[in-house]
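In: missing the sequence, but the structure's below:
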C-alpha cells in the first residue's frame, strides 16, 4: 500500500497485514535492516514526528525488547522501545512513536484526494529482519488498538474491506482497500457473510489473540464430497489455541492434520486425468498438465458453522507453475501446503483469497445484558430476567449443557443454559447466538457477575436492535406473567434464594389460598361480610 509519512509527506510502500496490529517502518539510523526500494524514513526530517515517552500509558500497548529497558523516573524524554515478531521469525525493534500518515483516497464522486491522519501510533524500526520484498515496512490491519484500521475508527467506523487482485494480473492493476461502510456494498446480493469470533473470555482485557480475525469452520467440501474432518480440528480454546484465522501477511493457506491429509487424499482420489508429480517437496498434490488447454479440477469450498459457504476459483487453490519457475521443463498445478508444526491456528492466506472481496468489521457484533445493574447487586436487571425466561425453553433443546432446578415455590423442574454455553435462536430467518458468560469478582455483596451476550451478523444490526430485542422482551414478559407468583421480600440475605449470587434481599413465596375459610378474623364479622358479598348484585 502506498502511504505518505511525515511532514512534509514522503512516499513509502507498506505491506498490508491483517494478522498483526503494529504499523512500522524502517528508520534512520537503520542498524540492521533489510533491503527496500527507496531511502529509509528519517524522523529528523519530519516536523510532525513525536516520540512516545516510556512513562506514557500508550507504551504499555507494545512489547519491550529483551532484556527490558529501565524507564528512568527522572527523565520525561526517555523513549518507549518496542519489539514485535512474526510467525516466520521476522521481527522489528525500535522506538514507539507518533506521526502523520497521509493516503490517497478515492471520493464517492471518483475524484482523487489526499487524507491525513495525525498522531498515528507506529514503530520507528532501527533493527528489522525478514523477507518484505522491497517494502519499507508494514501496515497492521488486525483487531487490536494499534492497527491502522483501529486508529481510524473515529473517522471511518469499525469496518474496512479489501479486494486483492490476481497474482497474474497486470502490474498496472491495483488492489482496493476501503475504510468505512458503503451501504451499496453491505447490501450487495453476492456478499457472503460469516461471523468473526474471539476466544471466550479474551474480551476482558487486551490479549495477543485479540489481533486475529478468527472464523468458525464446520467442514471442507472437495467436489461433491463433504469431508468427515473431526470437529475438534477447528475448535478455538479460551486461551486462543486452535481455530482458523484470515491472514493477508503471507502467501499460502495452511491446514493442520488431519484436515490437510484428508483434503489431499480427496483431490488425489477425484483427479484421475493428469499424472501425479511425486517430487513436490512443499505443495501437494501436484499434477503435470503439460499440453492440456482446458484444465478441469474439482471444486473446493469451506463450510462455516453459521451456514456460510466460501467456494473459490480453481486459480486460488491450485497454482500454475510455469517452466521458468521450476528446475525442469514440465508444467504443473500444485495445491496449498501442510502445516505439520504445532501451530496455534489454521491460516487462510493471500492466494486462496485473491480476487475475492473481503469485508471485515472490528466492532464487537454483540450486545451484553448484565444480571445486575450495579456492582452491589441491590437491583437485578429485569431485562436479564426476561431474556433468561425467554431462553429457558430453548436451553433443553439447543444447549450442550443445561442446568435444572426445582424452585421453592414450584412443582416443575426449570431448565436453563449453563455457564459459557451457547444457544442459537432464529428470527425472520436471521440466526442469533446467545452466550452466558460468568466472571468471578471480589465484592462484599457479590462473588460473580453474569452476562448474557448476543451475537449476530453485522448487516442485521438494525433488525436486531429495533425488532428482535423487543420480541425477546415481549415474549419473556408474557411467559413471566403466566408463571407469576406472589412473593414477600425481606432484607435478610441469609435466606436468599440465589446462593451463587448473594444479594441484600431475599424472598419467600406468598402461597396463601386467599379465601375467607383461611382468613383469621372475628367469626361473626366474617359471616356478616360473606353474607354481604353474596347479597351484592
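Out: Received, thanks. What you see is a predicted model, and the numbers here were worked out from it, not measured in a lab.
In: which parts of the longest strand that the chain contains are buried?
Out: Ordering each strand of the chain by length in residues (DSSP state E) puts strand 112-129 first. Residues of strand 112-129 classed as buried: 117, 120, 121, 122, 123, 124, 125, 126, 128, 129 (neighbour count, 16 or more other C-beta atoms under 10 Å). Just so you know, the C-beta spots here come from the backbone N, C-alpha and C atoms, and that holds for glycine as well.
In: same list, those residues, but as a markdown table with distance to residue 6 please.
Out: Listed next are the buried residues of strand 112-129 as a markdown table, based on distance: C-beta to C-beta, whole Å:
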| residue | distance to residue 6 |
| --- | --- |
| 117 | 12 |
| 120 | 11 |
| 121 | 15 |
| 122 | 11 |
| 123 | 15 |
| 124 | 11 |
| 125 | 15 |
| 126 | 17 |
| 128 | 18 |
| 129 | 24 |
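In: quick check: phi and psi on residue 258?
Out: In terms of degrees, to the nearest 10, the main-chain angles of residue 258 are phi -90, psi 0.
In: ok, now which ones touch it?
Out: 229, 230, 233 (C-beta atoms under 8 Å, 6 or more residues apart in numbering).
In: just the buried residues from those residues, in PyMOL please.
Out: For the buried members of those, the matching PyMOL selection, counting by 16+ other C-beta under 10 Å, is:
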select buried, resi 229+233
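In: relative to the helix or strand hosting residue 452, what are the paired strands and their orientations?
Out: Using DSSP states H and E, residue 452 sits in strand 448-455. Sheet pairing for strand 448-455, assigned by DSSP bridges, gives strand 366-370 (antiparallel), strand 430-440 (antiparallel).
In: returning to that earlier point: for the buried residues of strand 112-129, which one is nearest residue 267?
Out: residue 129 (36.1 Å; C-beta to C-beta).
In: show the pLDDT at that closest one.
Out: Looking at residue 129, its pLDDT is 93.
In: again, but for residue 276
Out: 86.
In: can you check residue 172 too?
Out: Residue 172 is assigned 72 on the pLDDT scale.
In: gap between it and residue 165?
Out: From residue 172 across to residue 165, the span is 10 Å (C-beta to C-beta, to the nearest Å).
In: between the two, who's got more neighbours?
Out: Ranked by neighbour count (other C-beta atoms under 10 Å), residue 172 and residue 165 place residue 165 first, with 14 against 5.
In: still on that earlier bit, in CSV: the contacts of residue 258, plus distance to residue 453.
Out: Listed next are the contacts of residue 258 as CSV, based on distance: C-beta to C-beta, whole Å:
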residue, distance to residue 453
229, 28
230, 27
233, 26
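In: excluding its backbone neighbours, what's nearest residue 427?
Out: Distance criterion C-beta to C-beta, 6 or more residues apart in numbering; nearest residue to residue 427, sequence neighbours excluded, is residue 468 at 4.7 Å.
In: and stretch 258-270, what's buried?
Out: 259, 260, 262, 263, 264, 266, 267.
In: other residues contacting the helix or strand hosting the last one?
Out: When secondary structure is defined using DSSP H and E, the element that contains residue 267 is helix 259-270. Outside helix 259-270, the residues within contact range by C-beta under 8 Å, 6+ apart are 220, 222-223, 225, 227-229, 233-234, 254-255, 276, 284-285, 297-298, 335, 338-339, 346.
In: burial measure for residue 524, as a count.
Out: Neighbour tally, residue 524, other C-beta under 10 Å: 8.
In: part of a helix, is it?
Out: Yes - secondary structure assignment (DSSP: H, G, I helix; E, B strand; the rest coil) places residue 524 inside a helix.
In: can you give me the pLDDT of it?
Out: For residue 524, pLDDT reads 88.
In: so which residues of the stretch 401-537 of the chain form helices?
Out: 461-463, 469-482, 523-535 (DSSP state H, counting those that start in this stretch).
In: what's the closest non-adjacent residue to residue 36?
Out: Spatial nearest neighbour of residue 36, chain neighbours left out: residue 136 (5.0 Å); criterion: C-beta to C-beta, 6+ apart.
In: which residues touch the one you found?
Out: Counting by C-beta under 8 Å, 6+ apart, residue 136 makes contact with 12, 13, 14, 25, 26, 36, 37, 38, 40, 41.
In: try 10 Å this time
Out: Each residue near residue 136 by C-beta atoms under 10 Å, 6 or more residues apart in numbering is listed here: 3, 5, 10-15, 24-27, 33-34, 36-41, 125, 128.
In: okay, now stretch 143-161: how far is its last residue from its first?
Out: Start-to-end span of stretch 143-161 (C-alpha to C-alpha, to the nearest Å) is 13 Å.
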